[in-house]
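Novice: Everything below, folded, please.
(one chain, ligands or ions: 1)
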Amino acid sequence: MRDGINDGTGNRVVIKVGTSSLITRGEVDPVKLDALCATVSKGIEAGLAPVLVTSGAIALGRTMHSTLTQDTAEAAQTAAALGQGVLYSALHARFAAHGLETGQILLTPRALVAPERGGGVRRTLDLMRSLGMVPIVNENDALGVRNNDVLAALLSGFIEARLLLLLTNVAGLYDGNPLLGEDAVRIAEVTGPISEVEAVAGGSTGDSGTGGMLVKLSACWIATHAGVRTVVADAMDSTALVAAFRGDEVAGTVFPPRTAHSAAPDLGRLWRAFRNPPSGSVVCDATGQQAIESGRALLGGSVDAVKGSFGSGDVVDIVGSDSRVIARGSVRLSSAEAGAGGRPASALFNHCDYVRILEG
Ligand SMILES: N[C@@H](CCC(=O)OP(=O)(O)O)C(=O)O
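Specialist: Okay, the predicted model is just below:
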């Protein structure tokens, strides 16, 4: 039963807040933090059970040591090691002032996509929820700095959330960059083909987080293909959570689920297919298209053309002869191997490791 606001399972929501919506000039911003506390408090008053995913550790840590401004993975990881404690103590103290008890969980995508690792995470979240605590999640950056939007999307599928709310410093997806004063129009709802939406977002660098809007879309595709409604909204709008949950008008962008909610979405497959924007594409013939539509292996013999340059393990689109993207996945063969002209007989994807693209 997923319909009632207070039915025990249907009230779960994941709220992700980006660096730009918590940190100003290298410090936790009290005004932004209060806006987040107000969002969460209003959600709890309305009967929701929020899990928070917050960024900001790297930005905080970089200001603590001059060498940590370097653009290297280890500088970011060390900055996160310094900044995480400061970030969490600020969150813990301010939430406590709002009467909310919090607890910190550091995760990686792998902990959510591998069933043998997820049990402890699930039990921790369940107990925290039953004790009325707000879990505050961040990526365990020492194990690899990736992207918290994607982590939050995986978490929303993992807990079968009713809503993923991505809070940022622009109120949704625009067809330009409103922060640069461009005459940009907000897109209220995204139901069209994902490649068209990405083409719009590619020119929209409105969000100042690590990945910008294009990477945020990767998270939207993971969550909506796991059956979770996703909304991108302005972090300062503390009414957005409850409005988005109720399906009321929100000053943001709504991504309706692209599949019926599945009790056990294949999060590993969704992660591999959508963790990055695609590096290229393969155009397949009618036989290949039929194989994809029935979930079978796409053989090299069905590839008519290869576009872009990609390596084994990269994300690529599978395009039908009508130029429509029909699937996306983590490819086994590089672009050189797939397009060598010899039309290799072997499968392009390990274990049919692609996700069929579903329109909203
Ligand atoms: N774990 C990192 C998150 C990095 C990240 O994804 O940042 P953002 O794009 O601002 O959500 C941190 O706390 O800084």
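
Novice: near the ligand, anything from stretch 13-23?
Specialist: Yes - looking at stretch 13-23 against the ligand by CB under 6 Å from any ligand atom, the contacts come from 18-19. In this view, the C-beta of every residue, glycine as well, is placed from N, C-alpha and C.

Novice: Ends of that stretch, what's the gap?
Specialist: Start-to-end span of stretch 13-23 (CA to CA, to the nearest Å) is 23 Å.

Novice: what about it, distance to the chain center?
Specialist: 12 Å (CA atoms, centre = their mean, to the nearest Å).

Novice: i'd like the first residue to be 513 from this point on
Specialist: Got it, first residue is 513 now, which makes that one stretch 525-535.

Novice: for that stretch, what is the average pLDDT?
Specialist: The average pLDDT within stretch 525-535 is 96.

Novice: And this protein, split by domain according to the record?
Specialist: Following the TED database, one gets these domains for the chain: 524-773, 790-868.

Novice: any chance of those domains in JSON lines, with mean neighbour count too?
Specialist: Shown next, in JSON lines, are the domains of the chain (neighbours: other CB atoms under 10 Å):
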{"stretch": "domain 524-773", "mean neighbour count": "19"}
{"stretch": "domain 790-868", "mean neighbour count": "18"}
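
Novice: And the strands in the stretch 663-812 of the chain, which stretches?
Specialist: Applying DSSP state E, counting those that start in this stretch to the stretch 663-812 of the chain gives strands spanning 675-680, 741-746, 764-767, 792-796.

Novice: what packs against the last one?
Specialist: Just to be clear, that refers to strand 792-796. strand 815-820, strand 827-831 (3 or more CB pairs under 8 Å, 6 or more residues apart in numbering; DSSP states H and E).

Novice: Can you check what angle separates the helix or strand of the chain with the lowest mean pLDDT from strand 827-831?
Specialist: Sorting the helices and strands of the chain by mean pLDDT, DSSP states H and E puts helix 706-714 at the bottom, at a mean of 82. If you take axes from the mean of the first three to the mean of the last three CA atoms, to 10 degrees, helix 706-714 sits at 130 degrees to strand 827-831.

Novice: can you give me the angle helix 706-714 makes with strand 792-796?
Specialist: Using the same axes, to 10 degrees: helix 706-714 against strand 792-796 is 160 degrees.

Novice: Pull the residues that contact helix 706-714.
Specialist: With contacts defined as CB atoms under 8 Å, 6 or more residues apart in numbering, helix 706-714 is touched by 685, 687, 699, 702, 724-726, 728-729, 733, 789, 829, 837, 840, 869, 871.

Novice: residues from this structure in reach of the ligand?
Specialist: 530-531, 567-571, 592, 650-651, 653, 659-660, 721-723.

Novice: Which ones among these lie within strands?
Specialist: 650-651 (DSSP state E).

Novice: Mind putting the strands of the stretch 663-812 of the chain into JSON lines with mean pLDDT?
Specialist: Converted to JSON lines, the strands of the stretch 663-812 of the chain look like this (pLDDT from 0 to 100):
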{"stretch": "strand 675-680", "mean pLDDT": "96"}
{"stretch": "strand 741-746", "mean pLDDT": "96"}
{"stretch": "strand 764-767", "mean pLDDT": "96"}
{"stretch": "strand 792-796", "mean pLDDT": "93"}
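
Novice: got TSV for those strands, with distance to residue 851 too?
Specialist: Compiled in TSV, the strands of the stretch 663-812 of the chain are given as follows (distance: least, CB to CB, whole Å):
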stretch	distance to residue 851
strand 675-680	36
strand 741-746	34
strand 764-767	33
strand 792-796	8
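
Novice: Tell me which of the ones you listed sits nearest to residue 549.
Specialist: Go through the strands of the stretch 663-812 of the chain one by one with CB to CB and the one that ends up closest to residue 549 is strand 675-680, at 12.5 Å.
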